[in-house]
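Engineer: I would like to see how this sequence folds:
(one chain, ligands or ions: 1)
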Amino acid sequence: MVNPKISHRPTICYRPIQPSDIEILEKIHSDVFPIRYESEFFQNVVNGRDIVSWAAVDRSRSNGRSDELIGFVTARIVMAKDSEIADLLRYDSSKGDQTLVYILTLGVVDAYRNLGIASALIHEVIKYASSIPVCRAVYLHVISYNNPAIHLYKKMSFKCVRRLHGFYLINGQHYDSYLFVYYVNGSRSPCSPLVLVTFIFTCMKTGLKSVAAKLRKNEEKMVKWPKCKETRGLIPIQNKRMIKTECSGCEYV
Ligand SMILES: CC(C)(COP(=O)(O)OP(=O)(O)OC[C@H]1O[C@@H](n2cnc3c(N)ncnc32)[C@H](O)[C@@H]1OP(=O)(O)O)[C@@H](O)C(=O)NCCC(=O)NCCS
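Structural biologist: Predicted coordinates for the structure are as follows:
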């Protein structure tokens with residue numbers, strides 16, 4: 001796809017972030033985030049100290065910029081039991097110290113947006129997390145008004161599990177954040193009793209409806225319903241209820 005903001009067809013490649021990237025990494029962070037990061041953070045990223053990261057570059061770029069960062073994602077491994085989502089995980093102490101991958105920052109320079117670069121970077125993080133047998137999930141916070149990012153995480157099947165009131169303090173003003181989780185290695189959030197009841201209720205309703213449909217079908221042989229019509233129709237409602245239960249206050253769901 002050719003982006004109107006760039007004059008050539010980009011050739012996007014992904015590679016680890018390295019010490020020579022520090023200047024442009026700091027510049028993009030200050031361009032795209034309302035929060036300032038300490039220089040220690042950038043040192044840790046480029047030297048891989050407790051932080052894993054991936055960079056996107058455009059190999060077709062001219063003027064010696066073919067290795068210059070146009071996007072990045074940084075993440076950290078955290079212990080599942082010490083994390084703020086420990087209660088959402090079915091913790092199995094027999095499996096030893098389980099971990100999570102927490103996405104710290106993600107950004108793509110303006111001219112390269114909507115080309116799937118952030119999606120590919122997140123995919124790298126998910127692949128990495130999945131390759132760690134004791135890793136249970138990838139998670140992150142996003143400020144509540146960041147619609148492009150929220151759209152992206154939902155598109156990538158992250159689940160919004162919480163709304164945190166006043167989580168961010170920016171220029172003296174508090175903003176809410178959403179907490180998104182992507183479970184890996186077969187992990188799932190434990191079912192709350194309410195979610196379970198909702199699920200059973202929906203199944204019963206689906207069952208009753210399909211029995212009624214079958215009866216109707218027998219009575220009115222002329223009407224041909226597609227086999228899964230009722231079930232398919234209920235899936236979004238069921239998902240919506242489950243998400244709503246876990247993510248109270250997420251108006252965008
Ligand atoms: C969020 C961000 C990383 C996305 O990067 P990207 O490379 O453009 O992402 P992708 O191309 O993989 O996907 C973008 C998706 O968002 C959609 N999108 C773009 N602007 C949008 C908007 N204003 N509202 C809703 N969706 C939007 C695109 O249509 C696309 O979805 P689609 O594939 O269904 O069409 C980028 O916008 C960015 O760097 N923003 C500033 C930093 C930031 O907010 N980081 C996230 C912090 S949590």
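Engineer: hang on, isn't residue 174 packed against residue 164?
Structural biologist: No: applying Cβ atoms under 8 Å, one finds residue 174 not in contact with residue 164, separated by 10.4 Å. Every C-beta, even on glycine, is put in place using the N, C-alpha and C of the backbone.
Engineer: Neighbour count: those two, which is higher?
Structural biologist: With neighbours defined as other Cβ atoms under 10 Å, residue 174 and residue 164 compare such that residue 164 has more, 15 against 10.
Engineer: So the more buried one lies in a helix, does it not?
Structural biologist: No: using DSSP: H, G, I helix; E, B strand; the rest coil, the assignment for residue 164 is strand, not a helix.
Engineer: What separation do you get for it and the ligand?
Structural biologist: Computed as Cβ to the nearest ligand atom, to the nearest Å, the residue 164 to the ligand distance reads 13 Å.
Engineer: Any residues of the stretch 51-200 of the chain in contact with the ligand? List them.
Structural biologist: Where proximity means Cβ under 6 Å from any ligand atom, the interface of the stretch 51-200 of the chain facing the ligand comprises 106-108, 113-119, 142, 146-149, 151-152, 155.
Engineer: Just the buried ones from these, in ChimeraX syntax?
Structural biologist: Burial among these is assessed by 16 or more other Cβ atoms under 10 Å; the matching ChimeraX selection reads:
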select :106,107,108,113,115,117,118,142,149,152
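Engineer: quick one: which of the residues of the stretch 51-200 of the chain next to the ligand sit in helices?
Structural biologist: 117, 118, 119, 147, 148, 149, 151, 152, 155 (DSSP state H).
Engineer: dump the residue contacts of the second one.
Structural biologist: Residue 118 makes contacts with 71, 73, 106, 107, 108, 152, as judged by Cβ atoms under 8 Å, 6 or more residues apart in numbering.
Engineer: Would you check that the fourth one makes contact with residue 30?
Structural biologist: No: the pair residue 107 / residue 30 is not scored as a contact, 10.3 Å apart, by Cβ under 8 Å.
Engineer: how about the strands in the protein?
Structural biologist: Defined through DSSP state E, the strands belonging to the chain, from first to last, are 12-15, 52-58, 69-79, 99-108, 135-143, 159-170, 173-183.
Engineer: List the buried residues for the first one?
Structural biologist: Burial within strand 12-15, assessed by neighbour count using 16+ other Cβ under 10 Å, is assigned to 12, 14.
Engineer: Do it and the ligand come into contact?
Structural biologist: No: in terms of Cβ under 6 Å from any ligand atom, no part of strand 12-15 sits within range of the ligand; the closest distance is 9.7 Å.
Engineer: so where's the stretch 101-250 of the chain shaky on pLDDT?
Structural biologist: 189-203, 205-250 (pLDDT under 70).
Engineer: Try it again at 90.
Structural biologist: Low-confidence segments of the stretch 101-250 of the chain (pLDDT under 90): 186-250.
Engineer: returning to what we had before: and the strands of the chain: which comes nearest residue 35?
Structural biologist: With Cβ to Cβ as the criterion, residue 35 lies closest to strand 159-170 of these, at 6.6 Å.
Engineer: Dump that closest one to PDB, keeping only the CA atoms.
Structural biologist: C-alpha atoms of strand 159-170 as PDB (Å, rounded to 0.1, in the frame of the first residue of the first chain):
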ATOM      1  CA  LYS A 159      -9.500  -7.900  26.100                       C
ATOM      2  CA  CYS A 160     -10.300  -4.800  28.000                       C
ATOM      3  CA  VAL A 161     -10.500  -6.000  31.600                       C
ATOM      4  CA  ARG A 162     -10.500  -2.800  33.600                       C
ATOM      5  CA  ARG A 163     -11.000   1.000  33.600                       C
ATOM      6  CA  LEU A 164      -8.700   2.700  36.000                       C
ATOM      7  CA  HIS A 165      -9.900   6.100  37.100                       C
ATOM      8  CA  GLY A 166      -7.400   8.900  37.100                       C
ATOM      9  CA  PHE A 167      -4.500   6.500  36.200                       C
ATOM     10  CA  TYR A 168      -2.500   9.100  34.200                       C
ATOM     11  CA  LEU A 169      -1.500  12.500  35.500                       C
ATOM     12  CA  ILE A 170      -0.700  14.800  32.600                       C
END
